[in-house]
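Novice: For reference, the sequence and a predicted model appear below.
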Amino acid sequence: MKEVILFSFLFLLIGISGLNTIWSQDTKTEANFKAHKIIPGYGFKKMKNPELFQGNKKRKRYFEGWYFKMVSHDQASILSVIPGISLSQNGEMQHAFIQVIDGKTAETFYYDYPIEKFSFSKQKFAIRIGKNYFSKDSLILNIQQDSSLIVGKVYMSGQVNLFKKKNKKTAIMGWYRFVPFMECYHGVVSLTHDLHGQIKKGNDILSFNKGLGYIEKDWGKSMPSAWIWIQSNNFNAKKTSFMLSVANVPWLGSSFTGFLGFFLHNNSVQRFGTYTHARLKLDTSTNDTIKITISDKKFTYRIQAFRNQSGTLKAPLQGSMDRRISESIDANLKLTVLDKKGIQIFQDSTSIAGLETVGDLNVLSRIK
């Protein structure tokens with residue numbers, strides 16, 4: 001019992017120390033969501049950088065959330081943390097939140113905060129929710145609500161970004177990023193990166209030293225009515241990462257099946273999606289396994305994913321976090337990649353994959 005108390009005290013000191021370091025930074029670079037006024041140049045800056053907070057002018061019918069996935073070096077600990085904000089359809093209900101899902105136990109936790117506790121950086125991707133801090137290179141948790149205790153700090157380094165020619169930044173959505181009136185937009189912050197640090201969750205200490213992390217985000221009004229999301233950067237092949245999102249996309253009174261994703265291997269990033277004129281074939285004939293084939297001018301990707309344990313997360317509907325979905329972050333994934341001649345150039349499997357299958361998947365098979 002004394003050891004538990006001692007560890008709790010030490011982790012509280014770590015969290016407080018990290019927060020004090022961040023709070024000592026120049027507050028002129030930070031804006032409180034509820035109180036901030038016009039930020040000169042911010043609109044242009046966020047348009048070029050999807051990872052930045054996009055909702056600075058929103059007051060209703062809006063959500064925005066970032067997804068941090070962390071896997072320990074020995075794969076004994078898997079933790080995903082989702083900070084964000086929720087603004088209801090009429091704007092009367094507004095709050096910030098932090099969701100946590102334990103990939104090993106499938107436990108999920110949802111912590112809400114007054115919207116006044118949400119702040120964002122004017123210069124880069126960095127947000128603060130109460131005494132919790134999230135950025136591209138560090139994550140600090142200091143959650144102490146009721147019987148919950150989740151505290152600690154994890155550093156991130158060696159981030160791999162999406163690039164195109166001349167090292168110019170690009171978005172995972174391609175030109176769809178600028179299409180108006182879409183219900184949901186998607187961004188990838190880091191395809192893979194290294195971790196260093198620890199998180200204390202209850203009486204358990206989760207060490208992420210030499211582990212691997214991944215960051216993406218969503219923002220808009222609602223998540224799609226149906227979608228499939230698959231992600232892993234924990235293959236046997238080092239520095240390999242894969243993500244695929246297939247969704248029923250409503251637009252201007254109609255809808256279409258859209259998809260996007262990337263494959264990182266051997267220091268090369270391949271993007272594919274509706275906007276690259278890639279073709280997708282979806283097999284939903286079995287309940288247990290998702291089979292997808294994607295083909296473009298360069299490669300063919302064959303994906304098989306099988307769900308294991310699942311946790312229940314809250315998802316947005318017209319801005320409010322009123323929807324319930326299941327997510328597995330210890331799913332099995334097999335990925336095979338063929339070149340344009342049909343020669344296999346990559347095949348690997350992992351049991352540390354994220355998988356979401358939501359809504360009527362048969363709708364996704366009707367690709368126009």
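Specialist: Thanks, I have the structure now.
Novice: middle-most residue in the chain, spatially?
Specialist: The centre of the chain sits closest to Y67, judged by CA atoms, centre = their mean, with a distance of 2.6 Å.
Novice: helices or strands next to the host helix or strand of it in the packing?
Specialist: For Y67, the enclosing helix or strand under DSSP states H and E is strand 62-71. If you count contacts as 3 or more CB pairs under 8 Å, 6 or more residues apart in numbering; DSSP states H and E, strand 62-71 packs onto strand 78-87, strand 184-201, strand 212-220. Every C-beta, even on glycine, is put in place using the N, C-alpha and C of the backbone.
Novice: Distance to N308, mean pLDDT and mean neighbour count added to those strands, as CSV?
Specialist: Listed next are these as CSV, based on distance: least, CB to CB, whole Å; pLDDT from 0 to 100; neighbours: other CB atoms under 10 Å:
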stretch, distance to N308, mean pLDDT, mean neighbour count
strand 78-87, 11, 98, 24
strand 184-201, 20, 96, 21
strand 212-220, 18, 97, 23
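Novice: How many residues are close by S351?
Specialist: Here the number of neighbours of S351 (other CB atoms under 10 Å) works out to 13.
Novice: Repeat that for L338.
Specialist: Around L338 there are 17 residues (other CB under 10 Å).
Novice: Tell me the secondary structure at it.
Specialist: Look at L338: counting by DSSP: H, G, I helix; E, B strand; the rest coil, its state is strand.
Novice: how near is the residue nearest to it when sequence neighbours are not counted to I345?
Specialist: Distance criterion CB to CB, 6 or more residues apart in numbering; nearest residue to L338, sequence neighbours excluded, is T300 at 4.4 Å. Look at T300 and I345: by CB to CB, to the nearest Å, they are 10 Å apart.
Novice: pLDDT value on the residue nearest to L338, please?
Specialist: At T300, the model reports a pLDDT of 98.
Novice: So in terms of bridging, what pairs with it?
Specialist: S295, L338 (DSSP bridges).
Novice: gap between it and K341?
Specialist: For T300 relative to K341 (CB to CB), the value is 10 Å.
Novice: So between the two, which is more surrounded?
Specialist: Neighbour count, other CB under 10 Å: between T300 and K341, T300 has more, with 17 against 6.
Novice: Check whether the more buried one really touches I294, as I assumed.
Specialist: Yes - if you go by CB atoms under 8 Å, T300 and I294 touch, sitting 7.1 Å apart.
Novice: Might you list the low-confidence residue ranges for the stretch 101-250 of the chain?
Specialist: Scanning the stretch 101-250 of the chain for pLDDT under 70 picks out 164-169.
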